[in-house]
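Enquirer: the sequence and its predicted three-dimensional model are supplied below.
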Amino acid sequence: MGQIRLIAFFVCSLAACSQTPLPQLPLGVAQDLQNTMVIDSGQFLESARLAEARLDYPTCLEQLKLFAAVSPKMCDASFWQWQARIADQVRDTQSALDARLKWLECSPDDVWLLIDIADGLSRLDRLEEAIEMLKTAVDDPQNQKDLDAARIYLLEHNGMLKRAAELCIELAAQSELTQAKLYYQKASILYEESGDLAAATEAISMAFSDEQLTQISADELVRLRSFELGEPQNVADARKLLYLHSEGELRLIGIRYLVRGHYQGDLQDYIYALNDSSMGVVEVAISQVAINGNSESLLLIENFLNHSDRKIKLAAIRAYESLGTEEDAQLIVAGIDVDDREMFRAWRLCLEKLTNHSIGVDLDPDLDARKSIVQLWQQYLGN
C-alpha cells in the first residue's frame, strides 16, 4: 500500500512541476512502475482473502474496492459476486448494489441478479427505478413470471397494496387460465389488506368461471377468499382443498395456507402432499418436511434428488442440507450435475453443510473447475 502511495505521489509531483524540464527516466523504469502496480493489486486481493478468513468483512470490502480501482479489467463476474456478498455482510447496501450492477454487465441474462439489484434499489428508497428495472422483457416464461412476482412483492412490501393488486389484475388479463387465477387470488389478498373489501370480493370472483360461480354460494366464496387471505379459522377448509380438490392450483392454495400464520399444518399433511400430481404442491411439501421433519424424513425425499423438475430437485437438495448428516454426503455427491451451474452451487453448499468441509474458493467455477471439484469431493469422501 505504501509503495502505491509513494508512486502516486511521485506521478502527481511530476504533473505539478510540468513547467520544469524533467530528467530522462532510465530505460525500463516506467515498465518497472507498471509491474509494481500489478503486483500491488494482487496484494489487495490476497489481503481481501485473509480479511474474509478472519471474518473482518469491512477490511475485506475495502481491499476489494482497491483492487477494482487498480485493476478494473481483471474484475469478472465472480469478483463482483464476491464483492456484493461481502458488502451484504457489512450491510453496505450501496456498495452491494454497485457491485451487482457491475456483475450484471458480465451476466446480463441473469434474471435473479436483476431481481437482487431491484431489491437493493428499493432498500435505498429508489422504488420506481426498481420497478422499471423489473419490467425488462425476457423470452423464458418462467423468468418472466419471476420478474412479475418480484414487482408485486416490492410494491406490497413498500406499502403500495392497491397498486400491487392492480398489477395482479393487469397480469391476470395477460396470463393463461391457471396463472390468471393465482393472480386474481393474490389481488384479492392485497385489496383485503388495503381495506377495500368490495374489490377483494370482485377479484376472488374473477378467479372462477361463470359455471363455477353458480355452484359456489356467497358464504363459500367468502370462505374461499378468507382462507386464501390466511384467516386461522379456515384451516379445515385449506386441508379439504389439499386432500380433495381436483384442481392442482387450488390444492396449492390449500397447502400454502397451512404453512402460514399461527396454525401450522401437521407433518402428515406435508408427507401426504409429497405424492401430489402438482409439482407446485410437491415443492412446498418438500420444503415443509425439511422444516418440520427429522433425518428419518429424508427417506421420503431421497427419490426427488433425481427428479426431472429442477425446482423439485433443488428443494430436495435443500432438505438434505437442513436435515442430513455426513453419512448422506456420498448420496449427494453421486448426483452432482456439473453442467448446471445453479444446481452445482446447491449441491456444493449442501456438501459443505453436511461435512463441515469446503473444497475450492471460486464462487462460480468454470466447467473444468467444477469437474475437478467433484473429483476432489469423491476423494475426500473415499469414493
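Expert: Yep, that arrived.

Enquirer: OK, contacts around the closest residue in space to residue 241 that isn't next to it in sequence?
Expert: Nearest residue to residue 241, sequence neighbours excluded (Cβ to Cβ, 6 or more residues apart in numbering): residue 254, at 3.2 Å. Placement of C-beta: from N, CA and C, glycine included. When contacts are counted by Cβ atoms under 8 Å, 6 or more residues apart in numbering, residue 254 touches 227, 237, 238, 239, 240, 241, 242, 243, 245.

Enquirer: now for the residues you listed, which pair is the farthest apart?
Expert: 227 and 243 (13.9 Å; Cβ to Cβ).

Enquirer: what about these two, which has more around it?
Expert: residue 227 (24 against 13; other Cβ atoms under 10 Å).

Enquirer: coming back round to it: so which of the contacts of residue 254 comes closest to residue 128?
Expert: Set against residue 128, the nearest of those by Cβ to Cβ is residue 227 (34.2 Å).

Enquirer: pLDDT score for that closest one?
Expert: As predicted, residue 227 sits at a pLDDT of 49.

Enquirer: before we move on, what about the one 3 residues further on?
Expert: Looking at residue 230, its pLDDT reads 42.

Enquirer: list of residues touching stretch 327-334?
Expert: 298, 302, 305, 317, 320, 324, 347, 350-351, 354-355, 374, 377-378, 381, 383.

Enquirer: what ranges does the stretch 51-200 of the chain have for its helices?
Expert: 57-70, 77-89, 93-106, 111-123, 127-133, 141-157, 161-173, 177-194, 197-205 (DSSP state H, counting those that start in this stretch).

Enquirer: among the ones you listed, which comes closest to residue 280?
Expert: With Cβ to Cβ as the measure, helix 177-194 is the member of the helices of the stretch 51-200 of the chain nearest residue 280 (9.5 Å).

Enquirer: if we can go back for a sec, from the contacts of residue 254, which would you call buried?
Expert: Buried by 16 or more other Cβ atoms under 10 Å: 227, 237, 238, 239, 241, 242, out of the contacts of residue 254.

Enquirer: hmm, the last one is touching residue 259, no?
Expert: Spelled out, that is residue 242. No - with contact defined as Cβ atoms under 8 Å, residue 242 does not count as touching residue 259 (11.1 Å).

Enquirer: ok, the most centrally placed residue in the chain - contacts?
Expert: Taking Cα atoms, centre = their mean, the centroid of the chain lies closest to residue 112, which sits 6.0 Å from it. Residue 112 sits next to residue 146 when contact means Cβ under 8 Å, 6+ apart.

Enquirer: quick one: least confident helix or strand in the chain?
Expert: Ranking every helix and strand in the chain by mean pLDDT, DSSP states H and E puts helix 2-16 at the bottom, with a mean of 37.

Enquirer: for residue 68, list the residues it contacts.
Expert: Taking Cβ under 8 Å, 6+ apart, we find residue 68 in contact with 75, 79, 83, 102.

Enquirer: by neighbour count, which of those residues wins?
Expert: Using other Cβ under 10 Å as the neighbour criterion, residue 83 leads the contacts of residue 68 with 25 neighbours.

Enquirer: excluding its backbone neighbours, what's nearest that one?
Expert: Once flanking residues are discounted, residue 83 sits nearest to residue 99: 4.1 Å by Cβ to Cβ, 6+ apart.

Enquirer: so that neighbour sits right up against residue 80, yeah?
Expert: Yes - counting by Cβ under 8 Å, residue 99 touches residue 80, with 4.9 Å between them.

Enquirer: what is the mean pLDDT for stretch 376-383?
Expert: Computed over stretch 376-383, the average pLDDT equals 80.

Enquirer: list the buried residues for it?
Expert: In terms of neighbour count (16+ other Cβ under 10 Å), stretch 376-383 has its buried residues at 377, 381.

Enquirer: that stretch: how far from the chain's middle?
Expert: Mean C-alpha position of stretch 376-383 versus that of the full chain (Cα atoms, centre = their mean, to the nearest Å) differs by 29 Å.

Enquirer: and if you look at stretch 343-350?
Expert: On Cα atoms, centre = their mean, the centre of stretch 343-350 falls 14 Å from that of its chain.
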